[in-house]
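J.: Kindly return the folded structure for what I paste below:
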Amino acid sequence: MNNVKIHFLGAAGTVTGSKFYLETNELNIMVDCGMFQGLKELREANWQPLPIDASKLDVVLLTHGHLDHTGYLPRLVKEGFRGQVIATAPTLSIASIILRDSAKIHEEEAERANAEGYSQHRPALPFYSMAEAEKAIALFVSKEKDIWIPLSEDITVRFRYNGHIIGATFIELDIFGKQFIFSGDVGRTEDLLLWPPERPRWADYLFLESTYGNKLHPNEDVDRLLINLIKTTIQKRGNLIIPSFAVERLQSLMYILWKLYKKNRIPNIPLFVDSPMGNNVLDVFRNHPDWHKLPVAEYRAMCGHFNIISSYKDTWKTIDDQRPKVVIAGSGMVTGGRVLTYLKQMIDDPSTTVLLVGFQAEGTRGRQLLEGAHEIKIRGKYIPVKAKIEHLESLSAHADQFELLHWLEEIRNYPEKVFLIHGEPLALDAFRVKIKNVLGWNAHIPKLYETIEVPIS
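T.: Numbers count the residues shown, from 1 in each chain. Model prediction:
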């Protein structure tokens with residue numbers, strides 16, 4: 001009898017911090033290794049050592065490169081992990097960019113907190129340093145998708161295209177003849193830049209994201225909304241600030257605005273992209289053309305139309321620029337990055353519009369703005385919110401409830417266990433009921449740090 005012990009170390013009862021640890025007789029495997037974001041109690045959990053012996057972990061498999069799936073890797077290495085981190089080549093490129101950018105932000109925030117004295121910690125320390133990020137990156141090993149890769153005598157893995165962001169996959173793990181399927185983040189069936197996700201055909205144990213398990217994305221006229229917001233921005237002689245995830249969302253917004261300009265549907269308003277990480281992600285699109293739909297000529301023309309900012313000095317030049325303008329800046333949930341500098345200077349101005357795109361997790365500034373906060377705290381100071389707040393949901397890179405059910409349709413067997421992960425409590429429970437009603441499957445919602453042992457004969 002072979003047993004697999006599953007530890008739910010993240011994305012259990014919450015959206016962020018994806019970490020799933022599988023103990024087997026042959027190998028110890030972690031699928032994803034993300035940071036918690038959002039609620040303070042979750043962010044504080046990032047600083048606690050994992051309840052496992054990291055030195056006994058053999059391999060980490062990554063579904064994709066987002067911070068909530070990769071951002072704990074430097075800490076894992078610090079705790080003793082020395083194995084390989086395996087994923088597709090574009091995923092590892094994205095993860096390298098994100099870890100380096102995140103380390104830089106952690107170091108800068110700690111330095112600023114110590115200089116301005118707004119941290120409760122003396123001294124404030126970065127969550128991880130650039131040197132620690134580089135140690136994690138040194139363990140990266142890229143593999144092709146669609147090929148079964150042996151990890152041990154009785155364990156193999158395969159990465160399958162999943163949309164969502166460039167390089168993203170779902171993971172099929174064959175463990176002692178049983179199929180363990182980790183959905184990662186499932187992409188949209190119709191996406192501006194990416195192909196539709198592939199779908200699993202067999203799942204004995206299914207780990208399924210539920211970010212939008214209780215919602216359908218609205219059928220919004222994205223072009224019309226952006227046209228109207230830009231017209232209003234010009235009339236007010238103000239600024240349209242779009243906090244954006246640097247991977248996929250930023251490139252999608254650029255492409256939409258570029259197409260609107262080409263068709264003379266918006267005037268030649270200055271368009272700024274202020275996300276060093278987002279700029280580097282553009283290179284990943286150029287280097288991996290088989291992973292997306294964007295033609296090379298369109299890519300070059302689009303990039304040439306934007307003012308792409310690299311230095312922090314140019315961030316301030318952009319803020320001081322009195323022309324009406326559009327600024328796309330990281331981060332998407334307003335948790336950090338260059339967008340904080342813009343909002344600190346502009347969110348108290350009624351001529352400013354802030355357009356939130358995509359999911360805003362509990363405890364983030366993005367969620368606070370979405371829920372009508374009259375002030376937000378940025379770098380130790382409370383800033384009144386006088387800007388108009390708009391929200392665009394249909395650009396989400398996550399499948400909604402209907403698309404998640406579509407993703408499951410080709411599974412030919414009745415899974416032995418279905419675990420709903422990567423969702424907030426209401427979404428998880430609603431999706432549990434929906435799966436039962438539509439597919440007849442019983443799904444379990446694991447709690448954070450829960451451990452489940454499954455026997456495999």
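
J.: Name the nearest residue to residue 416, sequence neighbours excluded.
T.: With sequence-adjacent residues excluded and distances taken as Cβ to Cβ, 6 or more residues apart in numbering, residue 416 is closest to residue 204, at 5.2 Å. The way it works is simple: take the backbone N, C-alpha and C, and place the C-beta from them, glycine included.

J.: can I assume the one you found is in contact with residue 180?
T.: Yes - counting by Cβ atoms under 8 Å, residue 204 does reach residue 180; the two are 7.0 Å apart.

J.: wait, what's in contact with residue 2?
T.: By Cβ atoms under 8 Å, 6 or more residues apart in numbering, the contact list for residue 2 reads 24, 25, 154, 176, 455, 456, 457.

J.: redo that, cut-off 7 Å
T.: 24, 25, 176, 456 (Cβ atoms under 7 Å, 6 or more residues apart in numbering).

J.: any weak-confidence spans in this protein?
T.: For the chain, the stretches flagged by pLDDT under 70 are 117-121.

J.: Start and end of stretch 414-429, how far apart?
T.: Length of stretch 414-429, first residue to last, Cα to Cα, to the nearest Å: 20 Å.

J.: Can you give me the buried ones in it?
T.: Within stretch 414-429, the residues that qualify as buried by neighbour count (16 or more other Cβ atoms under 10 Å) are 415, 417, 418, 419, 420, 421, 422, 423, 424, 427, 428, 429.

J.: where does the first one fall, phi/psi-wise?
T.: Read that as residue 415. Dihedral pair for residue 415: phi -60, psi 140, per degrees, to the nearest 10.

J.: Confirm for me that it is in contact with residue 204.
T.: Yes - using Cβ atoms under 7 Å, residue 415 is in contact with residue 204, at 6.2 Å.

J.: okay, residue 204 and residue 180: which has more neighbours?
T.: residue 180 (25 against 18; other Cβ atoms under 10 Å).

J.: Which of the three states applies to the residue lying closest to the more buried one once chain neighbours are set aside?
T.: Counting by Cβ to Cβ, 6+ apart, residue 180 lies nearest to residue 173, which is 4.1 Å off, once chain neighbours are set aside. Secondary structure, DSSP: H, G, I helix; E, B strand; the rest coil: residue 173 is strand.

J.: Name the residues linked to residue 173 by a beta bridge.
T.: Here residue 173 shows beta-bridge partners residue 157, residue 180, assigned using DSSP bridges.

J.: Now do the domain split for this structure, please.
T.: What automatic domain parsing lists as the domains of the chain is 2-215+397-456, 222-392.

J.: Over to the longest one now: how far is its first residue from its last?
T.: The reference is to domain 2-215+397-456. Taking Cα to Cα, the first and last residues of domain 2-215+397-456 lie 5 Å apart.

J.: One more: stretch 345-364?
T.: Span of stretch 345-364 from end to end, Cα to Cα: 19 Å.

J.: so residue 160 touches residue 168, yeah?
T.: No - when contacts are counted by Cβ under 7 Å, residue 160 is not listed as touching residue 168 (9.9 Å).

J.: And these two? Which one has more around it.
T.: Taking other Cβ under 10 Å, residue 160 and residue 168 do not tie; residue 168 has more neighbours (32 against 18).

J.: What residues does the more buried one make contact with?
T.: 63, 64, 91, 162, 184, 185, 187.

J.: Please report the distance of the most centrally placed residue in the chain from residue 95.
T.: Taking Cα atoms, centre = their mean, the centroid of the chain lies closest to residue 66, which sits 4.0 Å from it. Look at residue 66 and residue 95: by Cβ to Cβ, to the nearest Å, they are 9 Å apart.

J.: Identify the residue spatially nearest to residue 217, adjacent ones excluded.
T.: residue 400 (4.5 Å).

J.: Quick check: bridge partners of residue 272?
T.: residue 307, residue 327.

J.: quick one: it and residue 321 touch, right?
T.: No - contact criterion Cβ under 7 Å: residue 272 and residue 321 do not qualify, at 8.5 Å.

J.: what about these two, which has more around it?
T.: residue 272 (22 against 14).

J.: Which parts of the stretch 351-457 of the chain are strands?
T.: 352-357, 375-378, 381-384, 388-392, 417-421, 443-444, 451-456 (DSSP state E, counting those that start in this stretch).

J.: Now tabulate these in JSON lines and tack on distance to residue 368.
T.: Shown next, in JSON lines, are these (distance: least, Cβ to Cβ, whole Å):
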{"stretch": "strand 352-357", "distance to residue 368": "11"}
{"stretch": "strand 375-378", "distance to residue 368": "6"}
{"stretch": "strand 381-384", "distance to residue 368": "11"}
{"stretch": "strand 388-392", "distance to residue 368": "10"}
{"stretch": "strand 417-421", "distance to residue 368": "25"}
{"stretch": "strand 443-444", "distance to residue 368": "31"}
{"stretch": "strand 451-456", "distance to residue 368": "34"}
